[in-house]
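> Got a sequence here, can you build the structure:
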Amino acid sequence: MLREAGYYARMALGVYKMTRMPLEADPPGLVRRMIEGREENFLDLMRRVVFNTPSNSYYTLFQWAGCTYGDLEHSVRRDGLEPALDSLRKAGVYLANDEFKGKRPVERSGRQLEVESHQFANPLVRGLLETTSGATRSCGTISRRSLEFQVYREAQTCVLYDQFRLRQRPIVGIRSILP
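Below you'll find the model as predicted:
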């Protein structure tokens with residue numbers, strides 16, 4: 001009961017703050033800047049969240065793959081983000097859905113790591129908006145979103161609507177009911 005009250009209080013505060021945020025003045029510009037900076041943003045995230053936190057489960061996967069932050073940075077700068085991510089996947093730095101949800105341990109090359117889904121949450125996100133996925137056969141996976149993320153998603157939506165001229169058309173949204 002208290003957990004649910006906290007959930008609805010955070011959501012109400014998040015919605016309140018979101019409705020008071022100014023709209024992005026240049027949605028295409030924001031999306032363009034994010035795309036242009038994605039390699040730097042990725043490397044910054046990996047450095048801050050994974051490589052500076054040895055208790056992070058992804059850190060263990062990088063260790064098992066023999067990949068340091070310097071190796072990752074060199075690969076991204078030399079080959080680009082997608083090829084670097086593909087190399088990491090081939091080296092075992094990935095999570096299957098059941099591993100991510102904590103339903104089974106992470107197993108690579110005879111090594112095993114017990115994990116829980118909450119361990120994969122980005123500690124840098126201090127989001128008030130929260131969703132839970134699954135929950136039919138488990139307690140579900142909680143995802144928090146920041147208001148900055150919501151602004152970016154709205155910018156993406158604006159670009160999409162303009163690209164396909166959807167602003168003048170009716171749009172139907174299908175959502176699940178509240179619990």
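> can you list the weak-confidence ranges in the chain?
Regions of the chain meeting the criterion pLDDT under 70 cover residues 132-141, 178-179.
> can you tell me which residue is nearest the centre of it?
Residue closest to the mean C-alpha point of the chain, counted by C-alpha atoms, centre = their mean, is Asn122 at 7.3 Å.
> those helices in the chain, which residues are they?
Secondary structure of the chain (DSSP state H): helices located at 2-19, 27-36, 38-45, 57-64, 69-79, 81-90, 97-100, 147-163.
> gap between Ser109 and Gln119?
With distances defined as C-beta to C-beta, to the nearest Å, the gap from Ser109 to Gln119 amounts to 21 Å. C-betas here are computed from N, CA, C, even on glycine.
> More neighbours: the two, which one.
In terms of neighbours (other C-beta atoms under 10 Å), Gln119 is the more surrounded of Ser109 and Gln119; the figures are 14 against 8.
> ok, the nearest residue to that one once chain neighbours are set aside - contacts?
Once its chain neighbours are removed from consideration, Gln119 has its nearest residue in Ser57; the separation is 5.1 Å (C-beta to C-beta, 6 or more residues apart in numbering). Taking C-beta atoms under 8 Å, 6 or more residues apart in numbering, we find Ser57 in contact with 106, 113, 115, 119-120.
> Among the residues you listed, which one sits closest to Ala25?
Each of the contacts of Ser57 was checked against Ala25 using C-beta to C-beta; the closest is Phe120, at 34.0 Å.
> out of everything not next to it in sequence, what's closest to the closest one?
Phe100 (6.1 Å).
> And for the one you found, the neighbour number?
Here the count is done by other C-beta under 10 Å, and Phe100 has 16 residues near it.
> surely it meets Ala121?
No: proximity of Phe100 to Ala121 does not meet the contact threshold set by C-beta atoms under 8 Å, at 11.0 Å.
> Quickly list what's touching both of these two.
Taking C-beta under 8 Å, 6+ apart as the contact criterion, Phe100 and Ala121 have no common neighbours.
> coming back round to it: what's the closest of the helices of the chain to Ile171?
Between Ile171 and those, the tightest spacing by C-beta to C-beta is seen for helix 147-163, at 8.4 Å.
> can you pull the buried residues of that closest one?
Going by neighbour count (16 or more other C-beta atoms under 10 Å), the buried part of helix 147-163 is 147, 150-152, 154-155, 158-159.
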